[in-house]
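Chemist: the following comprises the amino acid sequence and a computationally predicted model.
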Amino acid sequence: MLIIEWIGIGALVALLAVGFLILRRALFIRAGGTIRLSVRTSASVPERGWSNGLGRFVGDDLRFYRIFSFTLRPKRTLTRANLVVISRRTPAGQESFSLPADWVILRCSWPESEPIEIAMAATTVTGFLSWLESAPPGEVATRPGHASKR
């Protein structure tokens, strides 16, 4: 009887964990300004190391939340003023198994560390680039090649 109780407790804990992950994702999506994306911060192993999640636009920040994480805090926060797109490509090799075929990979530089790669749907890239290049009226654009707004 003791074994059956432990199996029941384990099943209950597993169900609660899955329920929490589903509730967490629903709360992020309900808040609006979210997109599906994958982030790769380390290029030590080519074409591997992608982390799936949700991106949420909050003011000048893109906050990345991992899908299978129990924390309510973002794993990474990318600030618009510090993020510059270096190149754009489609998934190749091993990446084609972990990323959908219609996704685009953007290699970006930012001052906190080595370049970061962000993968998202091709239909989302236009909105992301628009957000990246925009700035509220009156702010000075800090990005190379952009005119200052005053």
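Modeler: Noted; the coordinates are in hand.
Chemist: please make it C-alpha for all contacts and neighbour counts, starting now.
Modeler: Fine.
Chemist: for the protein, what spans make up the helices?
Modeler: In the chain, the segments counted as helices under DSSP state H are 2-30, 95-98, 122-133.
Chemist: send over the second one as CSV, restricted to the C-alpha atoms.
Modeler: Written as CSV, here are the backbone C-alpha positions of helix 95-98 (Å, rounded to 0.1, in the frame of the first residue of the first chain):
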residue,chain,number,x,y,z
GLU,A,95,18.9,23.5,-36.5
SER,A,96,16.4,22.3,-39.0
PHE,A,97,15.3,19.6,-36.6
SER,A,98,14.9,21.9,-33.6
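Chemist: how far does that helix sit from its chain's centre?
Modeler: 17 Å (C-alpha atoms, centre = their mean, to the nearest Å).
Chemist: pLDDT (mean, whole number) over that helix?
Modeler: For helix 95-98, the mean pLDDT works out to 82.
Chemist: what of the first one?
Modeler: Taken as a whole, helix 2-30 has a mean pLDDT of 86.
Chemist: flag every buried residue along it.
Modeler: Counting neighbours by 16 or more other C-alpha atoms under 10 Å, one finds that the buried residues in helix 2-30 are 21, 24-25, 28-29.
Chemist: tell me if I'm right that residue 40 and residue 114 touch.
Modeler: No: Residue 40 is beyond contact range of residue 114, at 10.8 Å (criterion: C-alpha atoms under 8 Å).
Chemist: which of the two has more residues huddled nearby?
Modeler: Ranked by neighbour count (other C-alpha atoms under 10 Å), residue 40 and residue 114 place residue 40 first, with 18 against 12.
Chemist: how close does that one sit to residue 96?
Modeler: 14 Å (C-alpha to C-alpha, to the nearest Å).
Chemist: also residue 133?
Modeler: Per C-alpha to C-alpha, residue 133 is found 29 Å from residue 96.
Chemist: what do you get for residue 6?
Modeler: Counting by C-alpha to C-alpha, the gap from residue 6 to residue 96 is 41 Å.
Chemist: now residue 106
Modeler: Distance from residue 106 to residue 96, by C-alpha to C-alpha: 15 Å.
Chemist: then residue 131?
Modeler: For residue 131 relative to residue 96 (C-alpha to C-alpha), the value is 27 Å.
Chemist: kindly report the same for residue 61.
Modeler: 28 Å.
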